[in-house]
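Q: Fold the following and give me the result.
(chains A, B, C, D and E)
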Amino acid sequence: MFETIGNIMAPLTAIIIHAAIPLTIILVYALVAIWGERKIAGFIQDRLGPMRVGGFHGWAQSIADLLKLIQKEDIIPTDASRFLFKFAPFMMFAASYAAFAVIPFSSDYIGSNINVGVFYLLAVTSILTLSVIMAGWASNNKWSLLGGMRSAAQMVSYEVPTIATVLTVIVVAGSLNLMTVTEMQSGNDILGFLPNWFIFQNPFLIVAFIIFFISILAESHRVPFDLPESESELVGGYQTEYSGMRWAMFMLAEYADMLLLSLLGATLFFGGWNSPFGEFMAGPFWGFFWFMLKGLLLVFVMMWIRWTLPRYRVDQLMHICWSILIPLSFVNLILVALWEMIF
Amino acid sequence: MIEDFGYVLLFLVTGALFVGVALFVSKLIRPDRPNAEKLLTYECGEIPFGNARVQFNNRFYIIGLMFLIFEVEILLLFPWATVFKDVGWLAFWAMFIFVSLIFIGFIYELGKGQLKWDIPRPIRPTYVEGVGVMEESEAETLKKSA
Amino acid sequence: MLTWIVFLPIVGMIIILLLPDQSKKAIRWTAATVTGLQVVLAGVIYSLFDRSMVGINEADSFQFVEQFNWITVDAVPWVGRIEINYFLGIDGLSVLMVILASIIGLIGVISSWNIEKMTKGYFALYLLLVTGMMGVFVSLDFFLFFIFWEVMLLPMYFLIGLWGGPRREYAAIKFFLYTFFGGVLMMLVMLALYFSVAYTDAATGESVHTFNLLHMMNPENYVDGSILSGVDTTWRYVAWLALFISFAIKIPLFPFHTWLPDAHVEAPTPISVILAGVLLKLGTYGILRISFPIFPDGTEYFVYLMAALGMISIIYGAFCAMAQDDFKKLIAYSSISHMGIVVIGIAALNTQGMVGGVLQMFNHGIITAVLFLAVGVLYDRTHTRGLYDFGGIANQMPKYTGIAMVGMFAALGLPGLNGFVSELFSFLGAFEAYRWIAIISVFGIIITAGYILWTVQRIYLGNLQEKHKTLEDLTLREMLAFVPLIILIILLGIYPAPAIELMNASLSHLVELVTQGV
Amino acid sequence: MESSFIQWLAEPALTHFLIVSAILFALGLMAVISKRNIIMVLMGVELILNSANINFVAFSRFTELSMEGQMIGMFIIIIAAAEAAVALAIVLNVFNRFKSINLDDLNILKG
Amino acid sequence: MVDNILNSIIHFYPEIAIVVTLCGIIVADLFVKRKGHTGGVILFGGMVVTAVLLLVQTGWNNSVFYEMIAVDPFALYFKLLLTLATLFVILFSMKSRELDEYSNRISEYYMLMAGMILGMFLMVSSTNLLLMYLAFEMTSISSYVLVGFTKKSDKSSEASMKYIIYGAVASGIMIYGISLLVGLTGATDIYAVNMALAGDLNQPLLLTISIIMIIAGLGFKLALVPFHFWAPDVYEGAPITITAYLSVASKIAALAMTIRFFRISFSDLSVADDGAIWSMLDVLNWNVILAVLAALAMVVGNLTALRQDNIKRMLAYSSIAHAGYIMMGFVILTNEGLSAIMIYVFVYLFMNLGAFYVAMLFSNQTGTESIEKYKGLGHRAPLMGVSMTVFLVALTGFPPTAGFIAKLYIFGAAISAGWFWLVLIAGITTVVSLFYYIRVVRNMFFYKPEEGAEKLEFDAGTKIILLLLLIPTLLFGVYFTPIFEMARESVQMFGM
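A: Sure thing, here's the model as predicted:
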């Protein structure tokens, strides 16, 4: 009897672990990132940031925050549409988490090796837009609704250049599977020493990366594109009515989204889990290390930008997207294709 | 292949479960003492007026529309991109024509100013001799008519 | 020659359309010239016409033939060659009708001299109408026949509807719908015939579908297995009936007659003249030209029906006429009655009957023309047509009364006037074919005598009413319209031979064709 | 019997997809017929289109149709998008003029 | 692969010309400052070029783009007709006062029209179910917007709303039907569908359902009874130029597509001509079903038209009835029936466009579409009145106008195929139709204009356009060899 249970349990455990690995990563990352962001902000603004909770530089600050959030009262306004109000955080986090399924964390680990990985990823992240609108609408609050609409407009607008630049990589790689895409970038052949990362393979891909990076800033609602939550204008955007753990879930999803897009950028442009030094420091574990390093580097840049640049106005935001990024990204797509044809 | 999609489902479920567990844990700990004022819709401390489901700007719709067009374009470009290198020049020109056709429409839309976000014009009060304080543009028309 | 006589009015119409609106005089004179020329041409035809050539179904013995391919579509795998001819020609059957049409056409122009309302449009439409009716009488291609037939409707609709009496709209649309319905039936039969008939082109050996009436008369040309092939088949009967209905509407025979009184009463005088004088004859002409030779089997099968309907028309028309107190309506019903005589004459299927019938067509054309003109004269002067509103006109307008009386008596069938001759022939023929119908029909004559004499009494005799003391007698123009008709009435009454010998040969042949299939 | 039904459920084949699509089609048609709200009707239309889409994709998986079915599916998505875009634009205009998006309120034209 | 495409492009010049025209209009609208009918002029020019490019294709019989598109005489004939109709409608639009209010975005109108004609070109020539559907939708979507183009008018908004809802549902049902057909036969190419049906395909029920669904979709576009209920509303609400365009061009295109689809898919291509049609589907008697549909269209269209007061609505019902007459040829579906249809649509183009044109001119001047308000118009504008009379009489099918020839051939085809009851119904309904057509004529001529109503003046251009429509209507009534020859030669479809 124990044998049968064991027979079932062993693969089941394996599966659960398999599915929980990214979750662990996200949670750890979130704790670190929240703390890190405050610290970075502090240093940039020439102050110290959180110092008290925990020992070294207030390392336990995020954990304290978490504990505080768990104890907070959960308020659902009477006028809100209860089901949607409750449902939105589920959808938001589940969607952004499901997207991690196709991210190749290491040469040995990918959640689900489907052959339309990127496509799936982009499709699933679109659900975020939906949950944002849902949250905004369900709150039955003017700020929420306006924030939700703005956020949706912003997300859908910037989705176009994001996807267009992703397409440029697909054109070069010829595959939608992120594992394959990463594998294609192994080796150090460019100019004899540079790694085979796509960003080095084609000069127009550098342009593509810049566009991509700007777009993911907007996609994940980071400054200078953080209009949906711009506290000074819209109180709290679509999250205005949320409190406690529900709000925390939105926050978590946003951080996860940031990580996700950074990791995607790392996979597409910077060789994913490939070591920058060829065979040196390669292997599954080192792969994971390099991958997270690249991703966190991008996250760091995003934080850096946050505390450096002011926020755009909503019309400027749209103008940047529609009049500059979209045409540019498609022209770039054509140029990349042309380059690929000629060379 | 099908199993791979099973993993995708698994991830979705895990994500949702995590939210559920987190909320459940917090439910065990957190206080629950609602009162009418807490449950009021937040409008910067004022008592909210009217329904929040107001009509909003038409631009949102146009943005949505444009997004739709590009999204659909991208939908068609994905299969193209994967086979691009195998097909070669033909694929390049096909995409070129396709994208440029859409861009002609896009440029038309841009040129017609459909994608410009309205910026509310600031209302500047001015003082008009004998009339009093009024809006600038009204003052202009008043001047012209006089 | 025939092309000219048909299309002269079109030329006139174009000239009129080019003239300015105001030049009414020029418009009238153009119309008069054109129709006058038609009469001249008709006279030439009369003098050149060879009385011995039979026509009917023999292509060689038609006269003044003009034929060329109008529409030809080369052979295609699925239909064979298609041919529509421009095929005009006359024989003994149609020559009299051509003459009648041209004379009535001219008389119509003369009597519409005082039309002042939209003169240009009036005469343009009038001339189009004349083209249509002339075309029907001379065309030997079914397609052409049909086009001319339908071309008449539209001008007629406008002429009644625009220049007619108070209920003109109703009358016009009623006329239009009835005849158009008939036209559609005719078209269906025409198409059925077209697909059933194919002759073999001698030159190329191709099988050619054609609308040529003469080919349709030849039983050998029917394609095997087509719907109208064979003899005495159901479809042939149906086709005969459909054709008969479309013609009967035009005649009009008893159940289809209701449009006629309305149309006549509301139409302006010249149009009534044309309508009664020529258009009604198209129906019987169509029966003789198309139904009889193409469907001899159907004819024989339904001939009693035809005769019976003719009989009912005679009696019914006469009774209705008697009941009227409107002069014009009375004449309209008398037309129904008189056309009934034509129908039983031709339904006799013997030479006397047919000669009588055709002659009656001609005579009735002339006589009703006189009668309608007579009504028109009174109406112009008094603006009423009520029979009881008059009395003693004879004293005030002697010339007019004399002429009208001649017309009346001719309608009544007084020996010595033309009506007598044709009615006599018709009844003789009918008597030979179906005694009882003929005998009953003759009673119609008695009723006719009754209402005509009564009318004469009510209008021309008795005391002159006070308000009519100022009536003037006929003007020169009116005389001009009356006199030729009166001359014809008297002339043909005394000496009908010139008319009879024109058609004798053709009609004998037609009778043979129908009864013996030669 | 029950087990065979479960077994049937457990082995998805063409029929399953066809049944799903037929149900979707019926639902869509029902929405179109019974709803008076224009948006609801348009949703019904989308359901109908998607049911056709399911058919195509299922056929492409289980019959010799191969990739063609998926290709058509993609085109149908595009058509549906275009149609929805135009329809919503028209709905906006209608709302501006009639202040209602109920089909029964559109009743100027009749006869 | 490249060879195929390059080779195909040569056959595709007319369509490319339209696309270029479309782009040209867009660019011109952006950069030409002087507003007005610039777009119309460009579209007109583009259509003339297209017509020339089409004429080059005379006699070509090819299948291009991987058997997706047939370039054959059949398609060519319909494309030429569509081009002609478009040219006329462009001219109408330039004269229309209704559109003046929207002059700052009139270019969009022409753009959409270009899109529509492109869709219709593909409709008449595609031999692939997918492309057929795409073309169908392309036409439809453009026309939805065009119907609502005069968006400040309540009627127009309502019409476009109704149109898109009915249209979307119809096309949805159609694509569902197509999906079943494609799934059953495993083919999207209609020749392949035919081959698959010729093999043993034992699914009569599904097949029948799918064809009924497809007929519903196509019948919607053709405004066949019982799928017609949108037509009167839409025709009344749309700008009159678009009404004319819908009732002529889009109907013609849908007709061509329907014919090609049914003729090729469901007839035994190995048997020469007659008798083989529908032989693939022996479950139901399709001939009779279609014949009943045709008869219904005639009866319903004509009887309902009797009570209409709006001229557009009346013409809408009349066009429903005409769809019925055209369907008579479709019931037969032999070459003879097809050529009869082709003659019919050719003539129908002139007379229907003519009637709409005059209606538009009157409503330009008087601002009304009510037939009652037509009283005395014949006296106020004699040329227009006479032309309207000719067009209406032609629509009735009265000799010597071209309408007679059209009816003659279609009746003839039906008679020779033995559909007597159908022809009889057609004949009787024709008589009924006379009644409502002539009512307009009566109102125009039998009444005096109101006191103080002035004569209507029209400029020379207007009159020339009118004559361009009027002369063919009369001319082809007496001399119709050319159209018959043309129709006969164009019956040939690719691979038939």
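Q: Which stretches in the stretch 201-343 of chain A count as strands?
A: Assignment of strands within the stretch 201-343 of chain A using DSSP state E, counting those that start in this stretch yields no ranges at all.
Q: So for stretch A:161-180, what gets flagged as buried?
A: A:161-179 (16 or more other C-beta atoms under 10 Å in any protein chain shown). Where C-beta positions appear, they are placed from N, C-alpha and C, glycine not excepted.
Q: any bit of stretch E:200-213 sitting next to chain D?
A: No - judged by C-beta under 8 Å from any C-beta of the partner chain, stretch E:200-213 stays clear of chain D, getting no closer than 9.2 Å.
Q: C-alpha coordinates for that stretch, PDB please?
A: Taking Å, rounded to 0.1, in the frame of the first residue of the first chain, the C-alpha atoms of stretch E:200-213 are listed here in PDB:
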ATOM      1  CA  ASP E 200     -17.900   8.200 -51.200                       C
ATOM      2  CA  LEU E 201     -18.600  10.600 -48.400                       C
ATOM      3  CA  ASN E 202     -21.200   9.100 -46.200                       C
ATOM      4  CA  GLN E 203     -22.200  12.100 -44.200                       C
ATOM      5  CA  PRO E 204     -25.400  13.300 -45.900                       C
ATOM      6  CA  LEU E 205     -26.900  15.000 -42.800                       C
ATOM      7  CA  LEU E 206     -23.800  17.100 -41.900                       C
ATOM      8  CA  LEU E 207     -23.300  18.000 -45.500                       C
ATOM      9  CA  THR E 208     -26.900  19.200 -45.800                       C
ATOM     10  CA  ILE E 209     -26.600  21.200 -42.700                       C
ATOM     11  CA  SER E 210     -23.400  22.800 -43.900                       C
ATOM     12  CA  ILE E 211     -24.900  23.700 -47.200                       C
ATOM     13  CA  ILE E 212     -28.000  25.200 -45.700                       C
ATOM     14  CA  MET E 213     -25.800  27.300 -43.500                       C
END
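Q: Show me what it is in contact with.
A: Counting by C-beta atoms under 8 Å, 6 or more residues apart in numbering or on different chains, stretch E:200-213 makes contact with E:173-174, E:176-181, E:184-185, E:197, E:266, E:281, E:283-284, E:286, all of which sit outside it.
Q: Put the buried members of the residues you listed into a ChimeraX selection.
A: In ChimeraX syntax, the buried subset of these is picked out as below (16+ other C-beta under 10 Å):
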select /E:173,174,176,177,178,179,180,181,184,185,197,266,281,286
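Q: Chain A: which of the contacts of stretch E:200-213 is nearest?
A: Distance ranking of those against chain A, using C-beta to the nearest C-beta, places E:S179 first at 22.7 Å.
Q: List the contacts of the closest one.
A: D:S21, D:A52, D:N53, D:N55, D:F56, D:F59, D:I72, E:S210.
Q: per-residue confidence for it?
A: In this model, E:S179 is scored at 91, pLDDT.
Q: That one: which element?
A: Taking DSSP states H and E as the criterion, E:S179 maps to helix E:154-185.
Q: tell me the contacts of D:V91?
A: By C-beta under 8 Å, 6+ apart, the neighbours of D:V91 are D:I38, D:I39, D:L42, D:I101, E:M161.
Q: That one and D:R97: what is the separation?
A: Distance check for D:V91 against D:R97: by C-beta to C-beta, to the nearest Å, it reads 11 Å.
Q: ok, now C:I294?
A: The gap separating C:I294 from D:R97 is 63 Å, by C-beta to C-beta.
Q: More neighbours: which of these two?
A: C:I294 (27 against 19; other C-beta atoms under 10 Å in any protein chain shown).
Q: Disregarding residues adjacent in the polypeptide, which is nearest to that one?
A: Of all residues not flanking C:I294 in the chain, C:M216 sits nearest, at 5.0 Å (C-beta to C-beta, 6 or more residues apart in numbering or on different chains).
Q: host element of that neighbour?
A: Element membership for C:M216 (DSSP H and E) is helix C:213-217.
Q: tell me what that helix is packed against?
A: Here helix C:213-217 touches helix C:142-151, helix C:292-294, going by 3 or more C-beta pairs under 8 Å, 6 or more residues apart in numbering or on different chains; DSSP states H and E.
Q: try it again with 6 Å
A: With contacts taken as 3 or more C-beta pairs under 6 Å, 6 or more residues apart in numbering or on different chains; DSSP states H and E, helix C:213-217 sits against helix C:292-294.
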